[in-house]
Each structure stands twice: as C-alpha cells, then as structure tokens.
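sequence? don't have it. structure:
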C-alpha cells in the first residue's frame, strides 16, 4: 500500500508544517490537502509550510493542488511557503516559473531566521 498520508505539525502559534507524501498525483492526497486548507482558513493560522523533502513524484495535479492551496490561503491572508523541495521539485518550480511565486526555504532554521 502506498503512503498517501499527509501529516500536520503545529510548530509555533499560528504556524503549521504540512508534510506531504512521496507521490503527489492528485486523488485522495489532493482531497485530504483541500480539507486541510479549508480547515486552516477558519483557524488562527498565519503561515503554512509545505514540507516537500520526501517528494519522489509530482504531476500536474499535484502541482495544481499546491497552487490552488496557495491561492485559497492568500485570499484569507494566510501565507503558504515551500520547505526543503527535492532537486526534482526545484527544477519543476523553475521550469514552471512557480519559483517566482512561492517563497522557498531550504530548512526550518532558514524560515525562522527570515520571518
């Protein structure tokens, strides 16, 4: 059975870390992610960090899921940033020019040092 679980961690008041599974191909992961985003909009969150360090495969549905989350959260004044993207994901962000949209941090230390 494939790991499709999304884990969330409250790392500081108002800041949540979401650890995504290795395969972002839409389906149940996308549904679960959308549910998490909807819950975030009614909470006291100010920032969501998406941990992309485990991503092995991502397709257009997975990328679309992240962009939709970003757009939805932005309308509610909640920031969404990317954390520790793999080299594959970094290349994809660059090719799609999404690296100009998202704030990308190499580590939690870098995130906290700049926020």
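Nice, I can see it. Everything numeric here is computed off the predicted structure, so don't read it as measured data. Numbers count the residues shown, from 1 in each chain.

Quick one: the strands in the protein, in order.
Here the chain has its strands, by DSSP state E, at 7-12, 15-19, 23-24, 47-51, 57-58, 79-83, 104-105.

Mind checking those for the one nearest to residue 90?
strand 104-105 (7.7 Å; Cβ to Cβ). The C-beta positions use only the backbone N, C-alpha and C, and glycine is treated the same way.

want to throw the strands of the chain into TSV with mean neighbour count and mean pLDDT?
Formatted as TSV, those follow (neighbours: other Cβ atoms under 10 Å; pLDDT from 0 to 100):
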stretch	mean neighbour count	mean pLDDT
strand 7-12	12	94
strand 15-19	19	96
strand 23-24	22	92
strand 47-51	21	97
strand 57-58	16	92
strand 79-83	19	97
strand 104-105	19	96
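
Nearest to residue 41 among the ones you listed would be which one?
The minimum distance between residue 41 and those falls on strand 47-51, with 10.4 Å, by Cβ to Cβ.

neighbouring strands for that closest one, and are they parallel or not?
Strand 47-51 has its sheet partners listed here by DSSP bridges as strand 15-19 (parallel), strand 79-83 (parallel).
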